[in-house]
Every structure is written in C-alpha cells, then in structure tokens.
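>>> what follows is a predicted structure for the sequence shown.
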Amino acid sequence: MQDLVAHTARINDQLARYGVKFGIYKDGTFNERLFPFDAIARVIDAKDWALLEQGLAQRVRALNAFLADIYGPREIIQDGIVPEDFAISSPGYLAPCVGIMPPKGIYSHISGIDLVQARDGSWYVLEDNLRIPSGASYPLISRDICRRCSPETFRNNDIVDNRNYGAMLREVMDNVNRGGINVIFTPGRYNAAYFEHSYLAEQAGAILAEAGDLYVEDERVYYKSFEGDQRVGAIYRRVSDEYMDPTCFLPESVIGIPNLMSAYRAGNVALLNAPGNGAADDKGIYYFVPRMVEYYLDEKPLLHNAPTYLPMFDDDLAYVMDHFEDLVIKDTAEAGGYGVVFAGTLPSEAREDLRDKVRTNPRRWIAQEIIDFCELPVHLAEGDVPRKADLRAFVLTGRETRVWPSGLTRYSREEGNAIVNSSQGGGFKDTWILKS
Amino acid sequence: MDSEILSKTNRLFWLGRYVERTIVEIDIMMDAYDRAIDREPFDFRTFCEQLEIECPYETSDEFILSFLFDEDYPCSVISTLGYAYDNAIVLREVISSASLSYIQMAVNIMQSAASGVAPMLELQSVVDMLYAFRGCCDDRVLDTANRYTIKCGYSVEYIDMCIRLNYHVHTLDVELARLQTRLQNTPMRRDGKRLMALLGLAPNPDPASNRELLLDCVEGLFLDA
C-alpha cells in the first residue's frame, strides 16, 4: 500500500478535479468543501467480511419486516416486543404511510449501517440509516482514481472490485420500477450531498431531477423534457420525507412534488427509500433491532448493538443516572454527529443540566456505553497518526438483499475525537474487502 | 433567468454559450494585457458599451484585472466561467463526469490565477481546459441532440461576440454556416422569421451594416432560451 500512499496528494488533486465535495451551511451561508481523502485504506479480510455481510443483510431484512409490520398489522406491538407508544411516537413515523404497501414490499432499498470495530476485533452497529444515507459515491470514485495512481497496489493485493455500485443501484431501481424511467430526485445543487446525487445518477444511468422537472397527473409521475414528457417508474429520492410532497407533508416545501404521495399510494411509482422509514432508524428504536431479528427472522442476531439504555424504562433510567459520566448521551432528534455528548467530558454544570433534560424528557434520549473503538492510521506529511474511524456499510435490497463489498470509512481529523462525520470536519478512506 | 426552472436542454445551450464567452473574453483580455505592456490603453468603455454591460471602473489596468478576476463583478470572466459551472454541475449525468471535470479544473485554475504571480500563463490553461471540455463532450455526450445543443450555444455566443466586438469578423460567415448545420440536430424551437433572415444574411453578413438585425436574429433565434 506504500506506493499508493505516496500518491495521496495526487489522489486528492484528482478528487478536486472531479469536484468531490460536500456542502455545509454555517451561519446561513452555504460553503462547499473538498472531502479530505486518506490513501491508507481500511482492510477487511474475507473471513471478517463474510460475517459482517451476513449480519448486515440479516439486520436489514429484519428492519424491512419491522417497517412492513408497523405500517400494517403491528404484530410486534401486539406481541409486546416494541412498546406501542415508543414506535408510534417516533418523529420518523408518518401516519400518511399507514396501509401503503410499497412495490414488492420493500421499504429500505438502500440502507447505510454505521459500525465501529472494537479493539478486540468485534464489530458493533452504532446506527441504522434507512432514509437517505449518503456516502457510497466517495469510495466509489476514489477507488477508480487509486487504481489509476497505483495499478501495482491493486495487482498485488487481492481486493474485491467495488465499482459495481452503479449497477447494483440500477438493479434495485429496476426491480421496483412501475413502468417508466428511473430518476434520482435531488433537492438541488446546494444540498450537502449534491455531488453524490449527480454522480450516482451518472453511474446508475438514471435522470437527475429537481422538483420543477417532475409533476404528477392522474396519479402518475412525469419528467418534463424537450422530447416530450416521460413517465417515471422509480424515484431514488434524496429529499427528506417532510419536504417530498407539500400536499401531504410540510405545505411550505418548495423542493417537493405536489401529489407525489398520491401516485405512490396508487402504486404507480416506487419511492426509494420509502417515506416513513424514519420509524425504524430512530436512535431509540435502534435498541430493539436485535429483538426484531429474533422476532421476524427467528434467528440470533449476528451483529451486536453498542450496549444501549433507554431512559424511558425505569431500570435503564436508574442505571443512566448512576453511570452518567461514563456514558455517551445521544439526542434522538439530531443527526449528522450533532447531539452526541460524552457526558464525562462536560463541565459539571452542563453535565447536570443534561442529566435533568434526560430525566424530564427520557423519550428524547438514549445512552450508550463508550466503545473504545479502533483507531486507523492516517497519513500526514509528518508521518502516520492514529485516528478514530467508523464504517458505513451499504446494504441494497432488490430481488435479494446484498451488501456492497466496500463502504465509507470516515475518520476524525483530530486526535482522540470520536466524531467522524464529514460535517464535523472528518475525512474518508476507501474500504478494501480482501478476496481471501 | 435564475428564477426560472431551466430544462436540461436549456442548460446545455447556456453551458455552451458561457464556455464560448469565457474563451473569447480571455482571448481578448490576453491581447489587451499584452498591449498594456507597451502602454497602449485598452478602450474598455467602448468594449463595455458594445457588450451592453455596466462599467464601474476608471482605468484600463483596473478594468482588465477586474474584468478577468473580480468575482463580485457579475460581468467578469471569472463570473462567466462560474455561470458555465452552474449549468455544468447539474448536467453531470448528461455530459459525463469526465467532461464536467474539465470545467471544474478550469474553475480551479481561474481561481488560482486570480491570486497567482503569472495570471496570463494560467489563463492559457483555463482556455486549454475549456477546449478539452469541448473535445470530451464530442466524445462522451452520446445523445446527438444534447451534443448539438451545446454546440448551438457555442455558435450563438461566438456569432454574438463577433458582431458586437468586431471579433474575428472574417470568420462570421463560416460560423453562421456551422450554426445552420447544428440547428438541424437540436430539439430547441426556433423563430422561423429570424432564422430565415439569418440564413439570408449568412453568405455576406456584413456586420458593420447589419449589426442590429444580426444581433436581433441571433439573440432571438431560440424561442425557449
């Protein structure tokens, strides 16, 4: 890998050439930043990957079953596995989606599962992202560039090729397409992940469309074009649930498609991922995912959650209060690395303030044991340094549930910092899966 | 234009126009910069009048630098290149990442030229990237209608600049003939009257006598642009 690492600056130049950026809104201003790339890849051997692959696919199958259940018969609630109040009070649970069966019964077509590896080598799931998980485009384009920079590295290492993501995505869209073209629906070029939207459209052979390019007539969706309007059969939407359709959700949304939900409800268009998936990737519902695996699949979960406590349960609340300084407290209403607090690092007044918030509004918070997760080497001019890193794995559900043999490894740029999100200044690495 | 939702075809056309305008303006400014070395002032006020753009500058030197690199001046070359980028960035799946990367590189070099020590050398690289973009589009934009819509943008802008600025005016008839071919392959609707007038003038455009008519025909040629 040393030969490849020597090309780090050149690889980053190439990423700049292709506009590999993400956007950040700060103080009301939109800025685009290059996403720093570190050429030292995360390497996962074949044996480890086989376990991860099975565990990830299992988890996503269970989450899809959960979504079908809570928007349908709600058996998991009736059987007392997930408390009703808890499932239904999730902000991601959308009443307009009750009773809608998406094409082929698939809710989460593209799932991003965040994991960390502990020092003993075991993997823990930190978060499920079933709405609009970002990040596949970065290792996808960087692999292509790395292969050009250092062909010998890829000739001499038995690495699974990850450049099939576009084809996998296309297969997933084609599988549920209701007749018509495939579209990637973006909020527009000032969205944080616009590079990804446009790059995936190119890779998957889909049309990139904004709200003004699409309209609904007679419960069918059409794309406006000079050659005549074209029927749309599947929409990989990168717009949040609440902004997707102003006639159904937020009326003030100007980035949505009026009446999109009526076309979806009529079964005339597939939405990937299905609206309402937030009910299953809520930071609180995460606690119940291992139980879902046992309940729906009658299997033992292959992947572990980080040890998690729900303050809404009395026993858990007591434990959280007793061990507050040793826990990481997460606000279930936040995302993108925001609202994550290591309670022990807070000044005492702020810590007590947070403790009161958890006590008075326990549904809003979860608490987790701090996992001392692995650091990976990051190449800097002065030498290699260790940095905390996680892995976002992508699980695609089409005719079958498949795990993309790669993933986005994000690392923190500051020593000791465990927050790796790009919006918090982190960088990324490629993830190599070895064939043997 | 910002408030309208531009279709992809429209964006392709404007992408072509802005790319061409950047190339022509850099060519003119490099010549002006060269003349300035010999203390030959650039008649920037006439230049602005011909282009019908505002001119908030007082001296030739100030104008040349600002016209090239001032991002706050909406008529500057760096702004024009930015408009090309604005159109290109939303067309990745149509023009390909490879083509888009040349626009991205042109933008990167232009920004570096603005603070560089040898801006004229770097401007040459900007032009190189834009010609590379054109070549790449020829190769990578497989849809004929899309490819020719960008080319219509090049032609319309080039003709417009020829007429307004007397720029390479001896090539005007050739460009008009080229536009005629390109028109046959774009889905954009054109104004029949203007098209007939333009084709009538094409063999001998004589912009000195027909300036207003030519400008009206070329600017209003496409109904949807």
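Here it is on my side, so go on. Residues are numbered from 1 along each chain as shown, chains lettered A, B, ... in the order given.
>>> show me the residues around the nearest residue to B:A132 once chain neighbours are set aside that make contact.
Closest residue to B:A132 apart from its sequence neighbours, by CB to CB, 6 or more residues apart in numbering or on different chains: B:Y102 at 4.7 Å. (Each C-beta comes from the backbone N, C-alpha and C, glycine too.) Contacts for B:Y102 (CB atoms under 8 Å, 6 or more residues apart in numbering or on different chains) come out as B:M129, B:L130, B:A132, B:F133, B:C136.
>>> go again with 7 Å.
Going by CB atoms under 7 Å, 6 or more residues apart in numbering or on different chains, B:Y102 touches B:M129, B:A132, B:F133, B:C136.
>>> closest one to chain A out of the residues you listed, please.
B:M129 (9.9 Å; CB to the nearest CB).
>>> helices or strands next to the helix or strand harbouring that closest one in the packing?
Here B:M129 sits within helix B:119-140, counting by DSSP states H and E. Packing partners of helix B:119-140 (3 or more CB pairs under 7 Å, 6 or more residues apart in numbering or on different chains; DSSP states H and E): helix B:8-37, helix B:97-114, helix B:144-165.
>>> angle of the second one against helix B:8-37?
What it means is helix B:97-114. Orientation check (axes from the mean of the first three to the mean of the last three CA atoms, to 10 degrees): helix B:97-114 against helix B:8-37 gives 30 degrees.
>>> what do you get for the last one?
Direction vectors for helix B:144-165 and helix B:8-37, defined by the same axes, to 10 degrees, enclose an angle of 40 degrees.
>>> list the buried residues of helix B:144-165.
Within helix B:144-165, the residues scored as buried using 16 or more other CB atoms under 10 Å in any protein chain shown are B:146-165.
>>> which helix or strand lies directly C-terminal to that helix?
Next element after helix B:144-165 (DSSP H and E): helix B:172-183.
>>> domain ranges for the chain?
Let's take chain A. Per automatic domain parsing, the structural domains of chain A span A:2-300+A:373-433, A:307-369.
>>> not quite, I wanted chain B
Residue ranges for the domains of chain B, per automatic domain parsing: B:1-141, B:142-225.
>>> so A:Y319 is in which element?
Assigned by DSSP H and E, A:Y319 belongs to helix A:314-322.
>>> got the contact list for that helix?
By CB under 7 Å, 6+ apart, helix A:314-322 touches A:Y309, A:L310, A:P311, A:L327, A:R355, A:V358, A:P362, A:A367.
>>> can you give me the helices for the stretch 101-250 of chain A?
Under the criterion DSSP state H, counting those that start in this stretch, helices of the stretch 101-250 of chain A are mapped to A:137-149, A:151-156, A:165-176, A:194-204, A:241-244.
>>> quick one, phi psi at whichever residue of the stretch 251-400 of chain A sits closest to chain B?
In the stretch 251-400 of chain A, the residue found nearest to chain B is A:V254; the distance is 11.1 Å by CB to the nearest CB. For A:V254, the backbone dihedrals (degrees, to the nearest 10) come out as phi -110, psi 0.
>>> same check on the one 4 residues further on?
Backbone geometry at A:P258, expressed as degrees, to the nearest 10, gives phi -60, psi 130.
>>> to which secondary structure element is B:T80 assigned?
helix B:77-89.
>>> which bits of chain B sit near chain A?
Contact residues (CB under 7 Å from any CB of the partner chain) of chain B with chain A: B:5, B:7, B:9, B:89-90, B:92-93, B:96-97, B:100-101, B:104-105, B:108, B:187.
>>> and those residues, which two are the farthest apart?
B:N108 and B:P187 (32.7 Å; CB to CB).
>>> the two - which one has more neighbours?
Neighbour count, other CB atoms under 10 Å in any protein chain shown: between B:N108 and B:P187, B:N108 has more, with 17 against 14.
>>> and A:E227, how far is that from B:M120?
The gap separating A:E227 from B:M120 is 44 Å, by CB to CB, to the nearest Å.
>>> please say which of the two ends up with more neighbours.
Legend: neighbour count by other CB under 10 Å for A:E227 and B:M120, higher for B:M120 (14 against 9).
>>> on that earlier part again, and the helix holding A:Y319, how far out from the chain middle?
How far helix A:314-322 lies from its chain's middle: 29 Å, per CA atoms, centre = their mean, to the nearest Å.
>>> neighbouring contacts of the following helix or strand past that helix?
Using DSSP H and E, the helix or strand that directly follows helix A:314-322 along the chain is strand A:327-331. Strand A:327-331 is contacted from outside by A:283, A:320, A:339-343, A:354, A:358, A:364-370, using CB under 7 Å, 6+ apart.
>>> highest neighbour count among these?
With neighbours defined as other CB under 10 Å, the most crowded of the contacts of strand A:327-331 is A:I366; it has 27 neighbours.
>>> if I look at the residue nearest to B:A132, how far off is A:Y296?
50 Å.
>>> now do A:E352
Distance, A:E352 to A:Y296, using CB to CB: 41 Å.
>>> pLDDT at A:E32, what is it?
According to the prediction, A:E32 has pLDDT 79.
>>> so what's it bridging to?
A:G23 (DSSP bridges).
>>> ok, it touching A:G23?
Yes. Counting by CB atoms under 7 Å, A:G23 is a contact partner of A:E32 at 5.0 Å.
>>> show me where pLDDT drops low in the chain?
Answering for chain A, as no chain was given. Along chain A, the parts satisfying pLDDT under 70 run over A:335-337, A:422-424.
>>> that's the wrong chain, I wanted chain B
Applying pLDDT under 70 to chain B flags residues B:1-6.
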